[in-house]
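J.: A predicted structure for the sequence below; I have some questions about it.
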Amino acid sequence: MTIARSAILSCVASLAVGASARAWVQSAVDRVDFDAASGRSLRHFPPDRVVDFEHMKLELRIDDMNVPRMECRQTLSFEVIAGPLDTLSLDARLMDITSVAWSHGALEYTADGRTLEVAFDPPLARGERVEIVTDYTVIRPPEGLYWTPESDAWPGRAAQIHSQGEAETNSYWFPCHDFPNDRLSTEIVATVPAEYIVSSNGRLVSHETVEDGAYETYHWLQSKPHVNYLVTLVVGKFDIVDVGTDGLSLPVYVPVGRGSDVAGTYGRTQDMIDFFQDLLDEPYPWDRYAQLVVWNFNFGGMENTSATTMHDTAILSHDARTDYDMEGLIAHELAHQWFGDFITCKSWEHIWLNEGFATYLTALWFEHRDGPAGYQAAIRGNFDAEIGRDRGVAPFQPGMVSNVYDAPMDAFFKAANPYSKGAAILHMLRRRLGDEVFFNCLAAYVDQYQLQTVETSDFRKVVQEVSGESLERFFTQWCSRPGLPRVEVDLDWDESARELVVTLEQTQQIDGYNPAYAFTVPLRIEQSDGRAGLVEVSMDARHASIRIPLDTEPDLVAVDPEMNVLAEWTVNQPADRWIAQLDRGPTLAARIQAARALATRVFVGTQPTLTQVPPKSFRSTMAVFNPSLTNRAASDGPD
């Protein structure tokens, strides 16, 4: 899922240095995983899976698209896991349930507006397969299913319905195990007023006109299992343009009259699919890939299985496309079809396995499209977001992988953010392992866990097995603990010894809960005669230092030019070295680092001026001060 741009801007606005600095120091009474008054743990754990849900069929009828009412019949099939089972509890919110039955007749049940409890007498035995049928009515649900009726404020705009199940809101329109630790196949048979179009997951089995042409019935089948929050229903009137070129249907549903803008906005979807398939060594896993632009969508996009929902302005005119494109959002939601749908996090604490992967694959798309600079701009944006906001300390703030949150959606908005920090962690793994091993790890992970739900340890174990590296420390310090290293680096030249003296100090809070980070940082060193080399400095304590023998004082020293380490670097060195780094730094990230230092630091002696900066370096300087250049690939996430 991609968070709406208004939420992004709100997050960015909160990243002022003073506010961030105040936020990360808290007292013990603010500890987030424990309620001192009651002694109760505040952690969230996945609900039991007492049955294995196998298939759901929903038969829906909407008589009037302007009246938020839907008559429903659900047929739910499951197998008892342990048994004996005398009561099955389903999430069923604010729906009017009129009957529950099975092959033996009516079943006793209770419904309190939150749960549906179905009784079995005698209890069901282990391995017993059962099918229950529930009749109910949905009337104006507050979440999960959204009606946009016709309105005088929007003359000529047809009524529309769309669902939004993540995190746990599809249970407002069908009873279910509304948590991502169970998968099932689904089908929807929806009868709607004539001329309205219905989209759902999977393939269209049939479409027919009924009741003397007054209504139409669409039958959709999602035959491969997915989790309940990915079930989608969209009903409306659309222009539909298929941008597929390779046998796979890629329909794009847009407001009536906007069909001519589809190719320009979504025309590279097939290229993205081809790229991701090759990258992951895994074909696109579903029957089609639809993208639906709907009214009043609360987020940027939602990766429902085979049918992504997009916000209402996710269609660009020809003029708008001269300044902007939607490819960050399109790539992010498409990447979820593998990471989020084909493989799904088992609980919300592991949501980075969905969102971090989709954010990272977006950066990989920009690398494919724009080259190394496009990739580095995307990663720089993710790093900047975390450097600005992730100032937490254990045990007072949760890490990225944590089951400490008030509501499920809170897991998406942590300071240790599953989008940007998750993507940064994958980038660091790539830098550590090298491209061949890293991408072999991704392919092996997809092969091993396709159509399953996963935890962070599952991914770690695959990476360890493929790479041969022990990575528990890496995953613990980057995934489980809050915060990140903030490192002051002094680069001093000792003329008498002809040595570059490198001194590093981790300045973030360090204590028993928050030990010093362990990492290796590369330094790119260039001398006036053209010689260049890379020196690595390992650090696992508060302080580290190294003396590097050189014939002459270096012209350029770039700290971590490939962003191997998610850290805030404060580098102290002369202005002329920064100017050289801005001029010929080995990477976009290195040149951005130099531009920022020259723009914000006070130097001993004469302050550098723009006349000392080579003209060809202006683009790097602009990339610092224009967020659309440094954060473009990350701008469709909650940065």
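T.: Perfect, I can see it now. What you are looking at is a predicted structure, and each value in this text was computed from that prediction instead of being measured.

J.: Residue 328 falls within a helix, correct?
T.: Yes. Secondary structure of residue 328 (DSSP: H, G, I helix; E, B strand; the rest coil): part of a helix.

J.: Hmm, residue 362 and it touching each other?
T.: Yes. Judged on CB atoms under 8 Å, residue 328 makes contact with residue 362 at a distance of 5.6 Å. Any C-beta I mention is one placed from the backbone N, CA and C, and that applies to glycine too.

J.: So for those two, which sits in the more crowded spot?
T.: Legend: neighbour count by other CB atoms under 10 Å for residue 328 and residue 362, higher for residue 362 (29 against 25).

J.: Could you list the low-confidence segments of the stretch 51-200 of the chain?
T.: Low-confidence segments of the stretch 51-200 of the chain (pLDDT under 70): none present.

J.: Equivalent analysis for the stretch 251-400 of the chain, please.
T.: Nowhere does the stretch 251-400 of the chain drop to pLDDT under 70.

J.: what about the strands in it?
T.: In chain order, the stretch 251-400 of the chain shows strands spanning 251-255, 290-293, 301-302, 307-310, 343-345, with DSSP state E, counting those that start in this stretch as the criterion.

J.: Residue 603: which of these is closest?
T.: strand 301-302 (44.8 Å; CB to CB).

J.: what's near enough to touch residue 197?
T.: 218, 235-238, 240, 253 (CB atoms under 8 Å, 6 or more residues apart in numbering).

J.: in the stretch 451-600 of the chain, which spans are helices?
T.: 456-467, 472-475, 575-584, 588-600 (DSSP state H, counting those that start in this stretch).

J.: Out of the strands of the stretch 251-400 of the chain, which is closest to residue 446?
T.: Short answer: strand 343-345, nearest of these by CB to CB, at 6.6 Å.

J.: What residues sit buried inside the closest one?
T.: 343-345 (16 or more other CB atoms under 10 Å).

J.: Buried among the contacts of residue 197? Make that a ChimeraX selection.
T.: Burial among the contacts of residue 197 is assessed by 16+ other CB under 10 Å; the matching ChimeraX selection reads:
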select :218,235,236,238,253
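
J.: coming back round to it: what's the closest of the helices of the stretch 451-600 of the chain to residue 281?
T.: helix 456-467 (12.7 Å).

J.: elements contacting that closest one?
T.: Judged by 3 or more CB pairs under 8 Å, 6 or more residues apart in numbering; DSSP states H and E, helix 456-467 is in contact with helix 352-370, helix 420-433, helix 435-449, helix 472-475.

J.: and the third one with helix 352-370, angle?
T.: The one in question is helix 435-449. Interaxial angle, helix 435-449 versus helix 352-370 (axes from the mean of the first three to the mean of the last three CA atoms, to 10 degrees): 140 degrees.

J.: if I look at the residue nearest the centre of the chain, how far off is residue 481?
T.: The centre of the chain sits closest to residue 355, judged by CA atoms, centre = their mean, with a distance of 1.8 Å. Distance of residue 355 to residue 481, computed by CB to CB, to the nearest Å: 19 Å.

J.: CSV please, covering the buried residues of strand 343-345 and showing distance to residue 468.
T.: Putting the buried residues of strand 343-345 into CSV (distance: CB to CB, whole Å) gives the following:
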residue, distance to residue 468
343, 23
344, 28
345, 26
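
J.: With respect to residue 145, which of these is nearest?
T.: The nearest one, if we look at the buried residues of strand 343-345 relative to residue 145 and count by CB to CB, is residue 344, at 21.3 Å.

J.: Beta-bridge partners for the closest one, please?
T.: Beta-bridge partners for residue 344, by DSSP bridges, are residue 453.

J.: Quick one: residues contacting it.
T.: 180, 183, 226-227, 230, 354, 452-454.

J.: want to throw the residues you listed into a markdown table with distance to residue 205 and neighbour count?
T.: Shown next, in a markdown table, are the contacts of residue 344 (distance: CB to CB, whole Å; neighbours: other CB atoms under 10 Å):
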| residue | distance to residue 205 | neighbour count |
| --- | --- | --- |
| 180 | 26 | 27 |
| 183 | 20 | 19 |
| 226 | 17 | 24 |
| 227 | 22 | 26 |
| 230 | 19 | 24 |
| 354 | 28 | 27 |
| 452 | 26 | 13 |
| 453 | 27 | 20 |
| 454 | 30 | 21 |
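
J.: quick check, nearest of the residues you listed to residue 170?
T.: residue 230 (8.6 Å).

J.: In contact with that closest one, which residues are there?
T.: Residue 230 neighbours (CB under 8 Å, 6+ apart): 165-166, 201, 303-305, 341, 344.

J.: What of residue 156?
T.: By CB under 8 Å, 6+ apart, residue 156 lies in contact with nothing.

J.: And it, how close does it get to residue 145?
T.: 24 Å.

J.: Can you name the residues in contact with stretch 421-436?
T.: 352-353, 355-357, 359-360, 362-363, 378-379, 382-383, 386, 390, 400, 438, 441, 463, 467, 469, 474, 478-479, 562-566, 634.

J.: Narrow the residues you listed to just the buried residues.
T.: 352-353, 355-357, 359-360, 362-363, 378-379, 382-383, 386, 390, 400, 438, 441, 463, 467, 474, 478-479, 562-566, 634.

J.: State the number of residues packed around residue 533.
T.: 12.

J.: give me the number of residues near residue 153?
T.: 6.

J.: Is it within a helix or a strand, and which one?
T.: Taking DSSP states H and E as the definition, one finds residue 153 inside no helix or strand.

J.: Next, work out how far apart it and residue 475 are.
T.: 51 Å.

J.: In this structure residue 463 contacts residue 471, no?
T.: Yes. The criterion here is CB under 8 Å, and residue 463 meets it with residue 471 at 6.0 Å.

J.: Distance to residue 497 added to the helices and strands packed on helix 456-467, as CSV?
T.: Formatted as CSV, the helices and strands packed on helix 456-467 follow (distance: least, CB to CB, whole Å):
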stretch, distance to residue 497
helix 352-370, 41
helix 420-433, 32
helix 435-449, 38
helix 472-475, 34
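
J.: Residue 52: which of the ones you listed is closest?
T.: helix 435-449 (17.4 Å).

J.: mind listing what's buried in that closest one?
T.: Across helix 435-449, burial judged by 16+ other CB under 10 Å covers 437-446, 449.

J.: any idea of the pLDDT on residue 8?
T.: With respect to pLDDT, residue 8 scores 39.

J.: My error: substitute residue 565 in the last question.
T.: pLDDT, residue 565: 98.

J.: give the contact list for it.
T.: By CB under 8 Å, 6+ apart, the contact list for residue 565 reads 428, 485, 519-521.

J.: again, but for residue 372
T.: So residue 372 contacts 587-588 (CB under 8 Å, 6+ apart).

J.: I'd like the numbering to begin with 32 instead of 1 from here.
T.: In the new count, where the first residue is 32, that last one comes out as residue 403.

J.: and residue 630, how many neighbours does it have?
T.: 11.

J.: And it, how far from residue 613?
T.: In terms of CB to CB, residue 630 sits 10 Å off from residue 613.

J.: cool, and residue 234?
T.: Residue 234 is 54 Å from residue 613, by CB to CB.

J.: mean confidence for stretch 488-499?
T.: Averaging pLDDT along stretch 488-499 yields 98.

J.: hmm, who's touching it?
T.: Contacts of stretch 488-499 with the rest of the structure, by CB under 8 Å, 6+ apart, involve 384, 460, 464, 468, 471-472, 475-476, 479-480, 500-503, 506.

J.: one step back: with the contacts of residue 261 in mind, which one is nearest to residue 608?
T.: residue 334 (45.0 Å).

J.: Once you drop chain neighbours, what's closest to the closest one?
T.: Setting aside the residues directly before and after it, residue 334 is nearest to residue 367 in space (CB to CB, 6 or more residues apart in numbering), at 3.3 Å.

J.: returning to what we had before: can you tell me which of the helices and strands packed on helix 487-498 is nearest to residue 525?
T.: Here helix 451-464 is closest among the helices and strands packed on helix 487-498 (CB to CB), at 30.0 Å.

J.: was I right about residue 123 contacting residue 146?
T.: Yes. In this structure, residue 123 is within contact of residue 146 by CB under 8 Å, at 6.2 Å.
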